[in-house]
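K.L.:
everything below, folded, please.
(3 chains)
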Amino acid sequence: MKPNWLIAVPRPLRTLLTYSSHLIEQPIQAGCRVIVPLGHSRSLGLAIAEAPPSDQENYALKPIHTVVDETPLLDEHLLGLLQWAARYYHHPIGDVIFTALPVALRDGNVLPDNTLWRVISQTDAALKLKRAKRQHALYQALIEQPEREWNAAALRHVAGSNWREYVQGLIEKGLLESYLPSQTQYSDYALQTAPKLELNEAQQTCLAQCRKWNQSDTLQPILLQGVTGSGKTEVYLRLIEDQLAAKRQTLVLVPEIGLTPQLLQRFIQHFPHQTIVCLHSGLNDTERLNAWLQSRSGEASIILGTRSAVFTPCAALGLILVDEEHDGSLKQQEGFRYHARDLAIKRAALLRIPILLGTATPALETLHNAERGRYHHTHLLQRANHAQPPRFEVQDIRGHVLQAGLSHHSLQAIRATLERQEQVMIFINRRGFAPVLLCPNCGWQAMCEACDTQMTFHAHKSRLICHHCSADRLTDNHCPACHHPQLQTQGLGTERIELNLRQHFPDTPVIRIDRDTTSRKGALQQRLEMVQKHEHLILVGTQMLAKGHDFPNLTLVVVLEADQSLFSAEYHALERFGQLITQVAGRAGRAQKMGQVILQTTQPHHPLLLTLLEQGYTVFAKQLLNERQRWRFPPFSYQALIRADALTMEDALNTLQQFHDLLAECPEVQLFGPIPAPLEKRAHRYRAQLLLQCTRRDQRHHYLQFLTSKEKNIRNPKGVRWSIDVDPVELT
DNA sequence: AGCACGCCGACT
DNA sequence: GTCGGCGTGCTC
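P.N.:
Presented below is the predicted three-dimensional model:
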């Protein structure tokens, strides 16, 4: 008797479906895709496990139609992780399983035959061909070198700074088929020289601790808290070396695509002979599939990726590193709302392999776990190379006239820094020219038609853009309400700061780095290169600048309007504020050059601000944790947010009220709401939320389970959509 | 999410 | 008399 199988199908179902395998000749393996009849048509599905034998008659079961894959796409561990995640996040299993697959393997619901498998085989073949070509090209480029091994720095030595011309010459002479990895994302970084650093004493101690912990039988996640510039990456590199020596892979998760080139460059320089693959949103489907296949086969020894990379199958995974573990972008904010850091921890636990979380500013829940002894905790407190920590200065701007958004004092400091041939960074977390465009005559404001918010004025193309739905329209200077000929802007954005600074310092290059100037492929890299070229310049940018980038000649950071979050109603805002300020400040000063940070604020005496600046992030964070404990907020309680959106606020609230009523009598659940979301209307839809809070994790799980079991009983007015967000980090 | 079934309004 | 609107309910 052939076994029945549990199959995940890409539908919003919270259960697996059982199919018979009696039409299939070969034994089925878990992790293979199958084609199954579903309703009145066919669908792609993924085989999860054999169904436990049951008394039920099998006559009702439909048969699996085809097995698509010869070898499983996902291994047992990953299947386990994904099923765990579907339960933990109360998200439909099929959706969870299929978001873990690369898009190239996800589509084509109804397939008459094995077309998909053929696509994969061709890709595999194309991949091998491409690699062979590249290796041939490299061999030719370096054929005169005594050792015929390719090293990232080698070509630089052969060709010097004119390497592009050199390679072009080789191509013209027919000695080289094409540029070396020129089309691949790591072309330009590979050719910079790599100084191999000795570990300083602190790094050595830290590394030794990590190694000791990683060899223990009882593995715990390690929190590596290292101030900016303390050389966390060097520790990562040695830990990866350990894995390479043991022929094991390392998975490295980074919060955003912007950070991958930096780290990738370090990895390539350090491990020029290893296959390193990247998985991030900038790849097309084929590139992503290739990287995924290389990781699955074990050919890639280092896998670097953003949050969805946590699901990448690895033939021999030995270590997971989560860089900037506090970063909010590790949490998926739509659909299957998972936290990549938390899933990475779970994955490491299932595999019984070590995991290391690195950051200068741990998330409060991580710090709490470390304090409670659930995580190991190691520190790198000193900047490497004897660099001094930056000097903070609170600039009270109440009653001050600002020029270009900057106080007189800030402008003086900028001028002095530029005169020393050093670089300045102006940080403001708002892109565009100004957040408000209004009529001085009648008070009209440019509002988004789809959202409950003002539109941001972008001077560049004289457009109004909604930062919530990306709606976009031209504007002239006339008020559409009263025809007044001169609209006014109010407030500051990066564009305006850039323009003002250009006028103020006409002889200094001003470079703006935000999403608008870096959306083109390679634009960020190009701008970062400009920063390397110029000795003195002014950088203007958003939080993109706060993360990871190394600017050796930058000595002054001016932070504008950061104190907004001191008044935010959201309890996460303060935590993020502390992290952002600390990260931004970390950009200032290196080696012998003392860094200076000026914070312009209207709240110079705010106690938490002073704690942060005078006693540092950890003390600040512990104070916030005390607050959280007093108010029984996470991590001292467990939350889930049920969100709903609809064509009217009434409908959205009504749906949530039904959820509310289901739990109203439960003493173990605290309910807040339903209430309209802080941003009431977004993209023509009205949004509401219901917050659910329990003192124990298992209670939360139990009640969410209860709610989803009653899903069918909820009467949704037309067009209502709702979803569950477990461990929410943003309440917008 | 699809997809079909089903029960009421304007069409050749 | 039918075509089709999208509300409702199911998918092993």
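
K.L.:
mind listing what the residue of the stretch 501-650 of chain A found nearest DNA strand C touches?
P.N.:
Nearest residue of the stretch 501-650 of chain A to DNA strand C (C-beta to the nearest atom of the strand) works out as residue A:647 at 10.5 Å. Using the backbone N, CA and C atoms, a C-beta is placed for each residue, glycine as well. Contact partners of residue A:647, counting by C-beta atoms under 8 Å, 6 or more residues apart in numbering, are A:684, A:685, A:686, A:718, A:719.

K.L.:
which residues of chain A lie near DNA strand C?
P.N.:
A:11-13, A:15, A:17-20, A:36-39, A:60-62, A:712, A:716, A:718 (C-beta under 7 Å from any atom of the strand).

K.L.:
give me the pLDDT for the residue lying closest to residue A:405 once chain neighbours are set aside.
P.N.:
If you skip the residues right next to it in sequence, residue A:405 has residue A:492 as its closest partner in space, 4.6 Å away by C-beta to C-beta, 6 or more residues apart in numbering. Looking at residue A:492, its pLDDT is 90.

K.L.:
how about residue A:492, what does it touch?
P.N.:
With contacts defined as C-beta under 8 Å, 6+ apart, residue A:492 is in contact with A:405, A:428, A:430, A:434, A:435, A:560, A:561.

K.L.:
how about these in a markdown table, adding pLDDT?
P.N.:
What follows is the contacts of residue A:492, written out as a markdown table (pLDDT from 0 to 100):
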| residue | pLDDT |
| --- | --- |
| A:405 | 87 |
| A:428 | 93 |
| A:430 | 92 |
| A:434 | 92 |
| A:435 | 93 |
| A:560 | 93 |
| A:561 | 88 |
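
K.L.:
top of the residues you listed by neighbour count?
P.N.:
Highest neighbour count within those: residue A:560, with 25 neighbours (other C-beta atoms under 10 Å).

K.L.:
quick check: the gap between that one and DNA strand B.
P.N.:
When distance is defined by C-beta to the nearest atom of the strand, to the nearest Å, residue A:560 is 42 Å away from DNA strand B.

K.L.:
residue contacts, the residue nearest to that residue when sequence neighbours are not counted?
P.N.:
Nearest residue to residue A:560, sequence neighbours excluded (C-beta to C-beta, 6+ apart): residue A:428, at 4.3 Å. By C-beta under 8 Å, 6+ apart, the contact set of residue A:428 is A:405, A:492, A:493, A:494, A:497, A:540, A:542, A:559, A:560, A:561.

K.L.:
in strands only, show me the residues you listed.
P.N.:
Among the contacts of residue A:428, the members found in strands (DSSP state E) are A:540, A:559.

K.L.:
quick one: which of the contacts of residue A:428 is nearest residue A:348?
P.N.:
residue A:542 (32.6 Å; C-beta to C-beta).

K.L.:
doesn't residue A:494 make contact with that closest one?
P.N.:
Yes - using C-beta atoms under 8 Å, residue A:542 is in contact with residue A:494, at 6.1 Å.

K.L.:
which residues of the stretch 451-600 of chain A score low on pLDDT?
P.N.:
Along the stretch 451-600 of chain A, segments meeting pLDDT under 70 span A:591.

K.L.:
how about the helices in it?
P.N.:
A:494-504, A:523-533, A:572-585 (DSSP state H, counting those that start in this stretch).

K.L.:
mean neighbour count added to those helices, as a markdown table?
P.N.:
Below are those laid out as a markdown table (neighbours: other C-beta atoms under 10 Å):
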| stretch | mean neighbour count |
| --- | --- |
| helix A:494-504 | 20 |
| helix A:523-533 | 15 |
| helix A:572-585 | 23 |
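
K.L.:
ok, which of those comes nearest residue A:454?
P.N.:
Ranked by C-beta to C-beta, the member of the helices of the stretch 451-600 of chain A that lies closest to residue A:454 is helix A:494-504, at 15.3 Å.

K.L.:
and the closest one, what does it pack against?
P.N.:
Identification of packing neighbours for helix A:494-504 by 3 or more C-beta pairs under 8 Å, 6 or more residues apart in numbering; DSSP states H and E yields strand A:510-513, strand A:538-541.

K.L.:
what sits up against stretch A:409-426?
P.N.:
A:395, A:403-404, A:406, A:497, A:501, A:504-505, A:508, A:531, A:534-541, A:545, A:551, A:553-558, A:560, A:584, A:587-588, A:593, A:596, A:598, A:600.

K.L.:
can you say which of these are buried?
P.N.:
In terms of neighbour count (16 or more other C-beta atoms under 10 Å), the buried residues within the contacts of stretch A:409-426 are A:395, A:404, A:406, A:497, A:501, A:504-505, A:508, A:531, A:536-541, A:545, A:551, A:553-558, A:560, A:584, A:587-588, A:593, A:596, A:598, A:600.

K.L.:
quick one: contacts for the residue in the stretch 51-200 of chain A that DNA strand C sits nearest to?
P.N.:
Closest to DNA strand C within the stretch 51-200 of chain A is residue A:62: 3.6 Å, counting by C-beta to the nearest atom of the strand. With contact set as C-beta under 8 Å, 6+ apart, residue A:62 has these partners: A:19, A:20, A:36, A:37.

K.L.:
for the last one, which non-adjacent residue is closest in space?
P.N.:
In space, and not counting its chain neighbours, residue A:37 is closest to residue A:62: 4.7 Å by C-beta to C-beta, 6+ apart.

K.L.:
what of the third one?
P.N.:
Across the structure, with C-beta to C-beta, 6+ apart as the measure, the residue nearest residue A:36 apart from its sequence neighbours is residue A:45 (4.8 Å).

K.L.:
spatially central residue for chain A, please.
P.N.:
residue A:255 (3.0 Å; C-alpha atoms, centre = their mean).

K.L.:
wait, it sits on residue A:310?
P.N.:
No - using C-beta under 8 Å, residue A:255 makes no contact with residue A:310, being 12.0 Å away.

K.L.:
shaky segments in the stretch 151-300 of chain A?
P.N.:
Using pLDDT under 70, the flagged stretches of the stretch 151-300 of chain A are A:151-196.

K.L.:
find the closest residue to DNA strand C in it.
P.N.:
For the stretch 151-300 of chain A, C-beta to the nearest atom of the strand, closest residue to DNA strand C: residue A:285, 26.2 Å.

K.L.:
return the residues of chain A in contact with DNA strand B.
P.N.:
A:11, A:12, A:13, A:39, A:40, A:41, A:721.

K.L.:
which SS class is the closest residue to the last one other than its chain neighbours?
P.N.:
On the basis of C-beta to C-beta, 6+ apart, the spatially nearest residue to residue A:721 that is not a chain neighbour turns out to be residue A:645, at 5.6 Å. With DSSP: H, G, I helix; E, B strand; the rest coil as the basis, the three-state label of residue A:645 is strand.

K.L.:
please apply the same query to the one 5 residues further on.
P.N.:
Put simply, residue A:650 is helix when judged by three-state DSSP.

K.L.:
gap between it and residue A:674?
P.N.:
Distance, residue A:650 to residue A:674, by C-beta to C-beta, to the nearest Å: 11 Å.

K.L.:
so for these two, which sits in the more crowded spot?
P.N.:
Counted by other C-beta under 10 Å, residue A:650 and residue A:674 do not tie: residue A:674 has more neighbours, with 22 against 12.
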